[in-house]
Structures are given as structure tokens and as C-alpha cells.
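Novice: Kindly return the folded structure for what I paste below:
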Amino acid sequence: MSSASIPAHQKELFGHPVGLYVLFFTEMWERFSYYGMRAILVLYLVTETKEINPGLGWSDGDALALYGWYTMMVYVMSVPGGYIADKFLGQKRSVLIGGVLLLIGHSTLAIEQMWAFYTGLVFIVLGVGMLKPNISTMVGGLYKQGDIRRDKGFTIFYIGINVGAFLSSLIVGYVGEVYGWHYGFGLAGIGMGLGLLQYVFGLKYLSQVGNFLGDTKDNQEVMKAPLTKVEKDRVIVLLISFLLVILFWGAFEQAGGLMNIYTMENTDRFLGNWQVPASWFQSINAMFIIFFGTSVALFWANRKLKGQWLSKLSYPLSLPVSTSLYKMIVGLIIMGIGFFFMTGATVQYEATGSSAMYWLVFAYLFHTIGELCLSPVALSFVTKLAPVKYASIMMGIYFAMTGFGSKLAGLLGEWSSSLGAFTIFTGIAVTCVGIGLIVLLIRPKLEALTHGVEDEEAVVS
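Specialist: Numbers count the residues shown, from 1 in each chain. This next block holds a predicted model:
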């Protein structure tokens with residue numbers, strides 16, 4: 001069959017459906033807008049009004065409180081977003097509506113009025129809630145059950161997220177800090193507009209996924225049928241794994257909050273006579289993901305390829321049954337270790353009055369490796385274990401857990417004003433490593449409840 005006669009939704013590029021790359025670029029531009037705005041949000045809130053580029057002059061505690069509530073609500077709204085998709089619209093139309101809401105939200109933030117600031121945040125919360133769980137569910141829908149390419153597809157998709165995050169932290173961060181905060185917010189809106197356009201033009205490659213099936217007879221029967229014992233057990237595993245997600249993101253989201261403020265106020269950012277913008281450090285995580293994303297995915301994937309040197313290295317670290325949960329636990333532990341570098345930064349600051357930039361670089365490196373072990377794998381894990389009729393809702397709950405983690409991050413940031421950065425950073429490190437090791441001990445019992453969902457993965461042509 002010639003390539004011209006192959007239906008658009010069946011075409012592949014580099015071994016994956018073309019639809020994956022449509023979703024890749026949609027999410028890339030959406031994350032460009034979101035992380036660009038996130039990179040400057042707290043800095044805008046705490047910058048004094050008397051500065052050349054004035055902000056709102058809020059206290060660190062008030063700024064981190066708003067940051068925590070905002071980032072929590074962004075992801076908590078994924079639950080109703082997933083419900084609306086499952087029950088009324090389908091994922092495809094929900095993503096489109098979410099994109100429109102995000103475009104309105106980011107564009108409104110460019111207006112220098114307090115009503116516009118709060119209105120823009122509300123639209124962004126609603127937009128992410130509609131887009132985020134449903135676009136991830138669509139990625140899983142591109143692959144048949146048991147297709148080992150699913151994890152790799154989510155890793156490719158995840159790299160798209162971080163291409164957007166990397167570029168936005170540099171571009172939006174620089175524009176916001178140097179030319180004006182609202183110019184930065186407006187630039188984030190332009191990015192969302194580009195993402196929305198390419199999604200609309202790429203819909204022909206997504207004709208087989210994300211459609212609303214509620215009116216079909218077969219789907220009505222599936223929706224009405226009670227969950228089986230296997231499905232219930234798998235939901236239990238998902239809910240327990242979500243506790244790891246809350247803890248992970250509660251620690252990780254310090255990047256946009258406490259670590260962001262620490263970078264601006266306590267870090268020696270001078271290279272000669274030039275001072276590195278504080279917001280640029282938000283790009284380090286994304287840069288590392290772009291560099292190491294495929295390497296980490298290859299490390300885990302080669303566990304089954306006997307005889308290769310990478311397999312010999314990785315196989316002892318990845319037990320053969322239900323490795324997704326194992327990867328998530330390892331990711332939490334590695335990310336926790338990264339906070340010991342922030343402990344080192346606070347010790348140096350107390351001794352000398354400033355801390356070196358390399359502490360941040362090493363912390364973000366470990367955070368990145370941990371994120372690559374946990375986050376894309378968790379997305380794939382949800383699509384494997386969630387009952388079909390609750391696919392988007394379970395994805396929404398997953399993102400809601402990241403939202404609760406973000407709120408936890410905000411609370412920890414607020415507590416730093418009384419407890420101190422040393423206590424917060426060290427406490428995060430010890431907690432993540434300790435809980436990770438405890439869950440590692442009970443992992444076999446949890447994996448038994450998945451009923452071998454990952455045992456028969458194979459390459460599906």
C-alpha cells in the first residue's frame with residue numbers, strides 16, 4: 001500500500017503515529033505559555049513597586065500562598081475537565097475548548113489591571129483543566145493495549161512539554177524581567193495561539209482518538225457495567241501511586257516557588273559583570289529533560305534486551321514485573337536526593353552571605369532524572385490501569401494529585417519564613433527518600449494487584 005493511500009490517522013513517523021507529533025506540538029506550545037507565565041509569576045508578585053520594572057510588591061509568604069492555590073486549582077480542575085470529556089464532549093473537543101480558554105487567559109494577563117490579572121488566572125485554570133487530562137489520554141489512545149511503544153510515546157510527548165518549558169523560561173522570562181512583566185504574559189499568550197492553530201490543522205491525524213462515544217450502543221453498555229474485580233484492584237494501585245505523585249510534586253514545585261525566590265535573593269548570579277536573570281534557572285530542568293529524556297527511556301527499555309551492555313547495567317535495577325511503579329518509586333528517591341544540594345546551598349549562604357549557582361544546577365539535575373523516572377511513566381501507567389469508561393476522569397484525578405502537590409509546595413514555601421530554607425530543603429530530602437524506601441518494600445504486593453497489566457507488553461506493528 002502506497003503512503004498516499006494510507007489514511008491520515010494510520011500514518012507513522014519515526015515509528016510512532018503522526019498524531020503523536022500533533023499532540024507533541026500542541027502540548028509544547030501550551031507548556032510554553034504555562035511555564036513562561038509560571039517563571040515570572042512569583043517574581044512579578046514580590047518585585048517592589050518602586051523598581052524600574054515594578055511588580056505588585058507582595059510579601060514572599062503572600063506570593064507563595066497565591067502560587068500554591070493557583071497551581072493547585074490548575075490541576076484540580078482536570079477532574080471536571082476529564083468528566084466533561086468522558087460524559088459529554090470527548091477528549092478531542094475538550095482539548096480545543098481548553099486551548100481557546102487558555103488563549104483568552106494568557107492574553108488577558110497582558111493587560112496592566114488587577115481585574116485582568118485575576119480574570120486571566122481564572123481562564124488559565126479552566127483552560128488547563130479542560131486540556132491537560134484529555135490531551136494525555138489521547139496520547140495513550142494512539143496505541144493498542146500491550147504496545148510497548150506507549151511508554152516511549154509518552155516520553156516523546158513529555159520531551160515536547162519540556163521543549164516548551166525550556167524556551168519559555170528563557171524567552172518569556174527575559175522579556176518579563178527586562179522589558180516588562182505584562183509583555184512576558186502577552187508573549188505566553190502568543191505561544192498558546194500557535195499551539196491552538198497547529199492542533200486544528202492536525203486534527204486529520206487524530207480522527208481515531210478522542211471522540212465522544214457516549215451515544216453509541218456499545219459504549220453505553222460499557223458505561224453501565226460495574227467494575228470487575230481486576231479493574232477495582234487496578235484502581236486501588238492507581239490511588240496508592242497517586243500518593244507518591246502528591247509527595248513528588250509537593251517537592252518538585254518548589255522550583256517555581258521557594259527555589260525561584262531563593263535564586264533571586266540568595267544566589268550569586270553574576271558571570272563577570274553580567275547577572276543571570278533569576279527566571280532563567282527555571283529552564284535548567286527542561287534543558288536536562290531534553291538532553292536526558294531519551295537516554296532515561298532507553299535505560300529502562302533495554303531491560304529486556306539481553307546481551308547488550310545497557311541491558312546488563314539496567315536489568316538489576318528494573319525488576320521484570322510491572323516496572324512502572326518501580327520507576328516511580330526510584331524517581332521519588334532520586335528527586336529527594338537533589339534537595340540535599342539545596343541544603344548545601346543554604347549552608348554556604350549562612351557562611352558567606354551568598355550561594356553558588358552550581359548548587360541549583362546539581363539540584364535541578366537530580367530533580368530532572370527523578371521526574372523522567374516518574375512523570376511520563378505515571379501518565380502511561382494511568383492509561384494502562386484505568387477502566388475504559390473512567391479513562392479521562394482517572395487522568396483528571398492524576399493531575400488533581402499534582403495540583404494538591406503544588407498546594408503542598410506553596411505551604412512548604414510559606415513555612416520557610418518561620419522554619420528557614422535549610423529546614424524545608426533538608427526535610428523534603430529526608431521525607432522523599434524515606435517514604436520512597438518504605439514503598440519500595442511493599443511494591444511486590446501492590447504490583448500483584450495490577451494483575452499483570454504490563455507482563456505481556458510487546459511491540460505492536
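
Novice: When you work out contacts or count neighbours from here on, use the C-alpha atoms and nothing else.
Specialist: Noted.

Novice: give me phi/psi at Ser355?
Specialist: phi -120, psi 150 (degrees, to the nearest 10).

Novice: what's across from it in the sheet?
Specialist: For Ser355, the beta-bridge partners are Thr267 (DSSP bridges).

Novice: That one contacts Phe270, doesn't it?
Specialist: No - in this structure Ser355 lies outside contact range of Phe270 using CA atoms under 8 Å: 11.3 Å.

Novice: Which positions within the host helix or strand of Ile240 qualify as buried?
Specialist: Per DSSP states H and E, Ile240 falls inside helix 229-252. Counting neighbours by 16 or more other CA atoms under 10 Å, one finds that the buried residues in helix 229-252 are 231-239, 241-242, 244-252.

Novice: Can I get it in CSV? Just the C-alpha atoms.
Specialist: Listed next in CSV are the C-alpha coordinates belonging to helix 229-252 (Å, rounded to 0.1, in the frame of the first residue of the first chain):
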residue,chain,number,x,y,z
LYS,A,229,-12.5,-7.4,40.5
VAL,A,230,-9.4,-6.8,38.3
GLU,A,231,-10.5,-3.2,37.5
LYS,A,232,-11.1,-2.5,41.1
ASP,A,233,-7.7,-3.8,42.1
ARG,A,234,-6.0,-1.7,39.4
VAL,A,235,-7.8,1.4,40.6
ILE,A,236,-6.6,0.7,44.1
VAL,A,237,-3.0,0.6,42.8
LEU,A,238,-3.5,3.9,40.9
LEU,A,239,-4.9,5.6,44.0
ILE,A,240,-1.9,4.5,46.1
SER,A,241,0.5,5.6,43.4
PHE,A,242,-1.2,9.0,43.4
LEU,A,243,0.1,9.4,47.0
LEU,A,244,3.6,9.3,45.6
VAL,A,245,2.6,11.8,43.0
ILE,A,246,1.4,14.3,45.7
LEU,A,247,4.7,14.0,47.5
PHE,A,248,6.8,14.2,44.4
TRP,A,249,5.1,17.4,43.1
GLY,A,250,5.0,18.9,46.5
ALA,A,251,8.7,18.8,46.5
PHE,A,252,9.3,19.4,42.8
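
Novice: Pull the distance from that helix to the chain's centre.
Specialist: On the basis of CA atoms, centre = their mean, to the nearest Å, helix 229-252 sits 16 Å off its chain's mean C-alpha point.

Novice: what does stretch 409-421 give?
Specialist: Computed by CA atoms, centre = their mean, the chain-centroid distance of stretch 409-421 equals 23 Å.

Novice: I'd like the average pLDDT over whichever strand or helix holds Ile124.
Specialist: Element membership of Ile124 [criterion: DSSP H and E] is helix 114-141. Taken as a whole, helix 114-141 has a mean pLDDT of 91.

Novice: Just after that helix, pick out the following helix or strand.
Specialist: As assigned by DSSP H and E, the chain's next helix or strand after helix 114-141 is helix 149-178.

Novice: Just the buried positions in that following helix, please.
Specialist: 149-177.

Novice: Ser355 and Phe270 - which one has more neighbours?
Specialist: Ser355 (23 against 12; other CA atoms under 10 Å).

Novice: quick one: contacts for that one?
Specialist: Contact analysis of Ser355 by CA atoms under 8 Å, 6 or more residues apart in numbering lists 266-268, 345-346, 348-349.

Novice: Now a PyMOL select for only the buried ones of those.
Specialist: The following PyMOL line selects those of the contacts of Ser355 that are buried, judged by 16+ other CA under 10 Å:
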select buried, resi 266+267+268+345+346+349
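
Novice: Looking at the contacts of Ser355, which two lie furthest apart in space?
Specialist: Spanning the widest gap among those are Asp268 and Thr346, at 12.3 Å by CA to CA.

Novice: any idea which residue sits dead centre in this protein?
Specialist: By CA atoms, centre = their mean, the mean C-alpha position of the chain lies nearest to Ser375, the distance being 6.6 Å.

Novice: Could you check how far it is from Thr402?
Specialist: If you measure Ser375 against Thr402 using CA to CA, to the nearest Å, the figure is 10 Å.

Novice: what do you get for Val276?
Specialist: Here Val276 is placed at a distance of 30 Å from Thr402 (CA to CA).

Novice: Of these two, give the one with the bigger neighbour count.
Specialist: Higher neighbour count among Val276 and Thr402: Thr402, with 29 against 15, using other CA under 10 Å.

Novice: pLDDT averaged over the one helix or strand the more buried one maps to - what is it?
Specialist: For Thr402, the host element (DSSP H and E) is helix 391-419. Helix 391-419 shows a mean pLDDT of 85.

Novice: buried set for it?
Specialist: Result for helix 391-419 [16+ other CA under 10 Å]: buried residues 391-416.

Novice: Stretch 174-190 too?
Specialist: Using 16+ other CA under 10 Å as the test for burial, stretch 174-190 gives 174-177, 180-190.

Novice: ok, now stretch 338-357?
Specialist: Within stretch 338-357, the residues scored as buried using 16+ other CA under 10 Å are 338-347, 349, 354-357.

Novice: Next one: Phe154 from Ile148, what distance?
Specialist: Phe154 is 11 Å from Ile148, by CA to CA.

Novice: wait, Ala400
Specialist: The spacing between Ala400 and Ile148, counted by CA to CA, is 27 Å.

Novice: again, but for Pro133
Specialist: For Pro133, the distance to Ile148 equals 21 Å [CA to CA].

Novice: between the two, who's got more neighbours?
Specialist: A direct count of neighbours by other CA under 10 Å for Pro133 and Ile148 places Pro133 higher, at 33 against 17.

Novice: Distance of that one relative to Ala448?
Specialist: Going from Pro133 to Ala448 by CA to CA gives 27 Å.

Novice: what does Ile161 give?
Specialist: From Ile161 to Ala448 the distance is 32 Å (CA to CA).

Novice: any idea of the mean pLDDT for whichever strand or helix holds Gln348?
Specialist: Element membership of Gln348 [criterion: DSSP H and E] is helix 323-352. Helix 323-352 shows a mean pLDDT of 93.
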